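Enquirer: Please work out how this folds:
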Amino acid sequence: MIYNQLIQILMKRFITFLSLCFVAAMTFAATDTPSEAGQMLVDVGTFTGLVALTSMIVTQVMKVIPAIDGNRLAKIGISALAGIAVCMAVWALQASPLLDGLAWWQALLYGLAAGLSGCGFYDVIKAIAGLFRPAADNG
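Expert: The predicted model follows:
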């Protein structure tokens, strides 16, 4: 009985030791030095980059106007408008190969999709469904 407990304790310590060695090795293997300026790079050449940029803009708008945070439809509207603005600016500047060669309305649709992706399609569908569903009785 005591022998089994001793084996379990030794195995736990051995596994902990191996885990710490693995973490230490990965820490020392990281040779990339962080930038001192704290710059952030967003690749607008991909749809994911456009969604990330839209989400960052919407987050900053939410910080400036906290009243929007309580209204789901306002969040969706701000996100869609920010996505459209980002994609139209990127399209006009020809900064993304993703939007090169598209007509203005196609870039606008990309912006709408980026905005809705940034706020989450599930939240959009849930908010729209809430408009058509009757309110639950509280009493």
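Enquirer: Flag the shaky bits of the protein, pLDDT-wise.
Expert: Flagging of the chain using pLDDT under 70 yields the residue ranges 29-40, 135-139.
Enquirer: Spatially nearest residue to residue 111 (excluding sequence neighbours)?
Expert: Using CB to CB, 6 or more residues apart in numbering and skipping the chain neighbours, the partner closest in space to residue 111 is residue 87 (3.1 Å). Bear in mind the C-beta positions are built from the backbone N, C-alpha and C, glycine included.
Enquirer: Neighbours of that neighbour, how many?
Expert: Look at residue 87: counted by other CB atoms under 10 Å, it has 29 neighbours.
Enquirer: can you check the one 4 residues further on too?
Expert: Residue crowding around residue 91 was assessed by other CB under 10 Å; the count is 21.
Enquirer: what's the answer for residue 81, then?
Expert: 17.
Enquirer: Ok, residue 98 next?
Expert: Other residues near residue 98 number 19, with proximity taken as other CB under 10 Å.
Enquirer: One more: residue 131?
Expert: Other residues close to residue 131 by other CB under 10 Å number 7.
Enquirer: residues in contact with residue 113?
Expert: By CB atoms under 8 Å, 6 or more residues apart in numbering, the contact list for residue 113 reads 47, 83.
Enquirer: Buried residues in the helix or strand containing it, which are they?
Expert: Applying DSSP states H and E as the criterion places residue 113 in helix 104-119. Residues of helix 104-119 classed as buried by neighbour count (16 or more other CB atoms under 10 Å): 107, 108, 110, 111, 112, 113, 114, 115, 116, 117, 118, 119.
Enquirer: ok, the residues you listed vs residue 46, which is closest?
Expert: The nearest member of the buried residues of helix 104-119 to residue 46, counting by CB to CB, is residue 114 at 10.6 Å.
Enquirer: Looks like the closest one contacts residue 51 (just checking).
Expert: Yes - contact criterion CB atoms under 8 Å: residue 114 and residue 51 qualify, at 5.0 Å.
Enquirer: Need the overlap of contacts for the two.
Expert: residue 83.
Enquirer: For stretch 65-81, buried residues please.
Expert: Residues 68, 72, 75, 76, 78, 79, 80, 81 are the ones in stretch 65-81 that count as buried (16+ other CB under 10 Å).
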